[in-house]
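In: Generate coordinates for the sequence data below:
(one chain, ligands or ions: 1)
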Amino acid sequence: KFFITGASGQIGKKLIPYLFTRYGPNCVVVSDVNQTKFDVESQPPFIPLDVVNKEAFIKAVETSEATDILHLAAYLSAKAELQLQKSIDVNILGLNNALEAARINNTAIYVPSSIAVFGPTSPRVRTPDDCVVQPTTAYGISKVYMELMGNYYHKKFGVNFRSLRYPGAISSDPPGGGTTDYAVEIYFELLKNQKYECFLSKGTELPMMYIDDLIEGTCDLLDAPEETLTRRVYNLGAISFTPEQLASCILKYIPGTVTYKSDHRQAYADSWPMSIDDSLARRDWNWKHKFDMDIMTRTMIKLICMQMGKPNPIKN
Ligand code: VAH
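Out: The predicted model follows:
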């Protein structure tokens, strides 16, 4: 049984319905600082929770009788730069509370990490699991802290801590303040207005993943037998592309124009890897991705058109 924080975020919106199909309708208790609705028949039990409140966090996990905490609450890269103290509260103090809630309630805990843990001194092509991690964003720094403290709780207290370094997550829900979210906005803007001004330069290559691959990979790690794991934190990769490559893929299916005008987020993207080496995840627990850029594009166009009440322009 999962206790989920930050349930209304980009990962939670897709992960929670998937958990229902994979583990059954009584498998989750969800929490968020804001009330949240999900597109599932029976709404899961909802507990309002600000993860910064340690006592409330520990109590909520106890009451839920959960066996696993999925701690999704976090401020992503761009938003964390704009609200630094708030991001430190949620990403650092909230994480401390999550680890304590797991230790005290004797639950497993899963916390997403990110390719944002890598920085300009990390290798940028086929970045390996183990290398220099000196991130230059507040978000990346908080995720390095999370990985180190999660490993510490595992070693010192035997807490079953697991984590995946996600690339840019792409889904048909509105973007949540990330830098990779240009790759979500572009679909919405082209379908609505047939034009999009991308805030990254056209040659900015970044590792990306369609949300279905990300969700399935996460559950595969959660289900992986302890003896198959050789580490607590794994790189997770799928595809890498530039805004120009994504734009030309989308414009095969729908009309529009894409322009490029870098803003402050260009520096975050330039500090991250261009591609990821996830061979350890593929070796240890059979990770493999299914969505390439074209299949992802066809799926995104279909889903967003459905949400907009428009016919799908892709016939076959
Ligand atoms: C962000 N989508 O852009 C997140 C991700 C690698 C970046 O962690 O902040």
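In: what number of residues lie near the residue of the stretch 51-200 of the chain found nearest the ligand?
Out: Nearest residue of the stretch 51-200 of the chain to the ligand: residue 178, at 2.6 Å (Cβ to the nearest ligand atom). C-beta coordinates here come from the backbone N, C-alpha and C atoms, glycine included. Residue 178: 22 surrounding residues under other Cβ atoms under 10 Å.
In: Can you name the residues of this structure that neighbour the ligand?
Out: 76-77, 114-116, 139, 168-169, 178-180 (Cβ under 6 Å from any ligand atom).
In: try 8 Å this time
Out: Contacts of the chain with the ligand, taken as Cβ under 8 Å from any ligand atom, map to 10, 76-80, 114-116, 137, 139, 143, 166-169, 176-181, 206-207, 268, 272.
In: Inside helices: which ones of those residues?
Out: 10, 77-80, 139, 143, 268 (DSSP state H).
In: Among these, which one has the most neighbours?
Out: residue 143 (29 neighbours).
In: and residue 5, what are its bridge partners?
Out: Here residue 5 sits in beta bridges with residue 71, going by DSSP bridges.
In: Who are the contact partners of it?
Out: With contact taken as Cβ atoms under 8 Å, 6 or more residues apart in numbering, residue 5 is in contact with 31-32, 49, 51, 57, 69-73, 94, 98.
In: now do 6 Å
Out: Listed by Cβ atoms under 6 Å, 6 or more residues apart in numbering, the contact set of residue 5 reads 31, 51, 71-73.
In: Under a three-state scheme, what state does the closest residue to residue 134 other than its chain neighbours occupy?
Out: If the residues on either side of it in the chain are set aside, residue 134 comes closest to residue 119, at 4.3 Å by Cβ to Cβ, 6 or more residues apart in numbering. The local conformation at residue 119, judged by DSSP: H, G, I helix; E, B strand; the rest coil, is coil.
In: can you give me the helices in the stretch 1-150 of the chain?
Out: Counting by DSSP state H, counting those that start in this stretch, the segments of the stretch 1-150 of the chain that form helices are 10-23, 54-64, 77-82, 84-88, 94-105, 138-157.
In: related to what we said a few turns ago, counting neighbours, what do you get for the residue nearest to residue 134?
Out: Residue 119 has 19 nearby residues by other Cβ under 10 Å.
In: can you pull the contacts of the closest residue to residue 90 other than its chain neighbours?
Out: Once flanking residues are discounted, residue 90 sits nearest to residue 75: 5.5 Å by Cβ to Cβ, 6+ apart. Residues near residue 75 by Cβ under 6 Å, 6+ apart: 87, 90-91.
In: Try it again at 7 Å.
Out: By Cβ atoms under 7 Å, 6 or more residues apart in numbering, the contact list for residue 75 reads 83, 86-87, 90-91, 139.
In: Please list only the buried members of these.
Out: 87, 90-91, 139 (16 or more other Cβ atoms under 10 Å).
In: Nearest to residue 16 among the residues you listed?
Out: The closest of these to residue 16 turns out to be residue 90 (Cβ to Cβ; 19.5 Å).
In: Would you mind measuring from that closest one to residue 51?
Out: Distance, residue 90 to residue 51, by Cβ to Cβ, to the nearest Å: 6 Å.
In: Now do the shared contacts for the two.
Out: Going by Cβ under 7 Å, 6+ apart, residues that sit against residue 90 and also against residue 51 are residue 73.
In: would TSV of the contacts of residue 5 with neighbour count, distance to residue 126 and pLDDT be doable?
Out: Listed next are the contacts of residue 5 as TSV, based on neighbours: other Cβ atoms under 10 Å; distance: Cβ to Cβ, whole Å; pLDDT from 0 to 100:
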residue	neighbour count	distance to residue 126	pLDDT
31	26	37	95
51	27	34	98
71	25	29	98
72	24	28	98
73	27	31	97
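In: tell me the contacts of the residue of the stretch 51-200 of the chain closest to the ligand?
Out: So residue 178 contacts 76-78, 168 (Cβ under 7 Å, 6+ apart).
In: In those, find the pair that's most separated.
Out: 78 and 168 (12.0 Å).
In: contacting residues for the nearest residue to residue 3 once chain neighbours are set aside?
Out: Distances taken as Cβ to Cβ, 6+ apart put residue 66 closest to residue 3, at 3.6 Å, once the chain neighbours are dropped. Counting by Cβ under 7 Å, 6+ apart, residue 66 touches 1-3, 29, 107.
In: go with 8 Å
Out: When contacts are counted by Cβ under 8 Å, 6+ apart, residue 66 touches 1-3, 29, 105, 107.
In: Most neighbours of all these, which one?
Out: That'd be residue 3 among those, by other Cβ under 10 Å, with 31 neighbours.
In: Quick check: that one touching residue 107?
Out: Yes: counting by Cβ atoms under 8 Å, residue 3 touches residue 107, with 7.3 Å between them.
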